[in-house]
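*Asks:* Predicted structure and sequence below. I'll ask about it afterward.
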Amino acid sequence: MKQITVITENRIDNLADICETLGSANINIEFISAQGLAEAVVVRIIVNDEANAVKVLEKRGFKVLKSEIITINVKNRPGELARIARKLAQKKVGVHYIYLASESPRSGQIIIKPDNFERALRALKDEDYVV
């Protein structure tokens, strides 16, 4: 799965500008995560039309990066994330970042950016996770 990352200055209206730019182009935001880092903000977004999203955001002057991520369907229960993290660690897979994309009482969807996709996918499939 692909994700776009927008790195921009940390201004009050930047999130609104990003969301309005995508909405005006009829691009749906499926998942979003944002973190402020002093003078900058990093906004990670999964959309229904990645190529067009990159184009319209860059046209508005935003710096946009594209990256591969792994989406993992998990049961919503204590210890599930620990199990995934331990399995990845045992296979020597580092995680650049992780976030919860969706949640229900029974299940959730976690997004990770591993340092090694092939090892991460093998580790997760060994545990029968749906990726």
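*Replies:* Arrived safely, thanks for sending.
*Asks:* And the one helix or strand Asn52 maps to, what does it pack against?
*Replies:* Take DSSP states H and E as the rule and Asn52 turns out to sit in helix 50-59. Applying 3 or more CB pairs under 8 Å, 6 or more residues apart in numbering; DSSP states H and E, we find helix 50-59 packed against strand 2-9, helix 14-24, strand 63-68. Placement of C-beta: from N, CA and C, glycine included.
*Asks:* to the chain's geometric centre, what's the distance from it?
*Replies:* In this view, helix 50-59 has its centroid 17 Å away from the chain centroid, taken as CA atoms, centre = their mean, to the nearest Å.
*Asks:* before we move on, what about stretch 73-84?
*Replies:* Here the centre of stretch 73-84 is set off from its chain's centre by 18 Å, with CA atoms, centre = their mean.
*Asks:* So what touches the helix or strand of the chain with the lowest mean pLDDT?
*Replies:* Every helix and strand of the chain was ranked by mean pLDDT, DSSP states H and E. The lowest is strand 95-103, at a mean of 85. Applying CB atoms under 8 Å, 6 or more residues apart in numbering, the contact partners of strand 95-103 are 31, 33, 44, 46, 71, 76, 85, 88, 108-115.
*Asks:* What is the most widely separated pair among the residues you listed?
*Replies:* Farthest pair in the contacts of strand 95-103 (CB to CB) is Asn76 and Asp115. Separation: 26.5 Å.
*Asks:* Just the element for the spatially closest residue to Gln90 that is not a sequence neighbour, please.
*Replies:* The shortest distance from Gln90 to any residue other than its chain neighbours is 7.4 Å, reached at Ala123 (CB to CB, 6 or more residues apart in numbering). Assigned by DSSP H and E, Ala123 belongs to helix 117-126.
*Asks:* Now do the least confident helix or strand of the chain against strand 2-9, angle only.
*Replies:* Calculated by axes from the mean of the first three to the mean of the last three CA atoms, to 10 degrees, strand 95-103 forms an angle of 110 degrees with strand 2-9.
*Asks:* Right, I'll call it a day here.
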